[in-house]
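Asker: Take this sequence and fold it.
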Amino acid sequence: MSDLHRAFVDAFEPYVRERVAEVLGDIDVAGLDEAIASGRHRLDEELARLLAEEPAEQRSSPLQLFQAAIEVPTTVLRHAGVPPTERDPAAEAALPGDVYDLAPASSRSLGDDAWHAHVSWGIAKAEAVAGMVLVTSPAGSVSAVAAIVSVDLMDRSKFEAAAREAGYDLVVWRNPGAVESGIRQRRPAVVFVDLGHRAADEVLRLLVGASARVIAYGPHVDDIGLARARSLGADEAVPRSRLFTRLTRYFPPLA
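Answerer: Residues are numbered from 1 along each chain as shown. Just a heads-up that it's a prediction; the model follows:
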């Protein structure tokens, strides 16, 4: 078992118990102890599967698995009739199922051992995938076009509206091959990369190597993913909620 695996699993029960006490007070719900143990077991198994994969194939982060395991005690509390907790709108949007505000927004909440191990994992993953991409340089000059690398249709509609408002054409690249081909043909003034894309790390390396201006975005709770994007060379790495609040400001002004 790796240091990260051990630290996250060991942190689960004390973290959940402390968080339940903070949010819900001195509450006695039948089956909660068993649910916490079950959530810990789920985290243990899913972390083992994730960390056994090659870095480039790891589509989730350890923090996301921890957050998902919180669903087990949350379900027991919901079935017991415990009323939902009032939450910040950004937190609701990021984790709609976390109705009691129990899931950690950052691995810092899990203690120093878990946090340091999580950061080390993020850096190691970035280093592991860095050498897997063939970087080529684009020809041509920047023109009034922007690009996105995303599979989310709702995101695309927001980018389309913002691009029109800023006076840009918008192109959509679905995979690294499309990025390599597209950036040679017409280099965009800015590229937005969804960190939820399965090839986000590879795409970032391609774009940074091609000297494109890159704005990476992802869930505000994925602090490791945002940090990894910056380590791979993104000009900015911002939470999704912040990006879409003022999306047009990320389009360079046209001459």
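
Asker: When you work out contacts or count neighbours from here on, use the C-alpha atoms and nothing else.
Answerer: OK.

Asker: Next SSE downstream of the helix or strand that contains Ala21?
Answerer: Mapping Ala21 onto the secondary structure by DSSP states H and E places it in helix 3-24. Using DSSP H and E, the next helix or strand after helix 3-24 towards the C-terminus is helix 32-52.

Asker: could you say what helices and strands that following helix packs with?
Answerer: Contacts defined by 3 or more Cα pairs under 8 Å, 6 or more residues apart in numbering; DSSP states H and E place helix 32-52 against helix 3-24, helix 62-69, helix 71-79.

Asker: so where's the stretch 1-150 of the chain shaky on pLDDT?
Answerer: Along the stretch 1-150 of the chain, the model assigns pLDDT under 70 to residues 1, 56-57, 125-144.

Asker: 90 instead?
Answerer: 1-2, 23-28, 53-61, 64, 86-96, 105-108, 116, 119-150 (pLDDT under 90).

Asker: Tell me the secondary structure of Val190, please.
Answerer: Secondary structure state of Val190, per DSSP: H, G, I helix; E, B strand; the rest coil, is strand.

Asker: okay, stretch 204-222 in PDB with CA atoms only?
Answerer: Taking C-alpha atoms only, stretch 204-222 is exported to PDB below (Å, rounded to 0.1, in the frame of the first residue of the first chain):
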ATOM      1  CA  LEU A 204      -1.700  20.600 -22.300                       C
ATOM      2  CA  ARG A 205       1.700  19.400 -23.200                       C
ATOM      3  CA  LEU A 206       0.900  19.800 -26.900                       C
ATOM      4  CA  LEU A 207      -0.500  23.300 -26.500                       C
ATOM      5  CA  VAL A 208       2.300  24.500 -24.200                       C
ATOM      6  CA  GLY A 209       4.900  23.100 -26.600                       C
ATOM      7  CA  ALA A 210       3.200  25.000 -29.500                       C
ATOM      8  CA  SER A 211       3.400  28.300 -27.500                       C
ATOM      9  CA  ALA A 212      -0.400  28.600 -27.400                       C
ATOM     10  CA  ARG A 213      -2.000  30.600 -24.600                       C
ATOM     11  CA  VAL A 214      -3.800  28.000 -22.400                       C
ATOM     12  CA  ILE A 215      -6.500  28.500 -19.800                       C
ATOM     13  CA  ALA A 216      -7.100  25.200 -18.000                       C
ATOM     14  CA  TYR A 217     -10.300  24.800 -15.900                       C
ATOM     15  CA  GLY A 218     -11.800  22.200 -13.600                       C
ATOM     16  CA  PRO A 219     -13.800  21.700 -10.400                       C
ATOM     17  CA  HIS A 220     -12.800  24.100  -7.600                       C
ATOM     18  CA  VAL A 221     -12.400  21.100  -5.300                       C
ATOM     19  CA  ASP A 222      -9.700  19.600  -7.500                       C
END
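
Asker: This completes my enquiry, with thanks.
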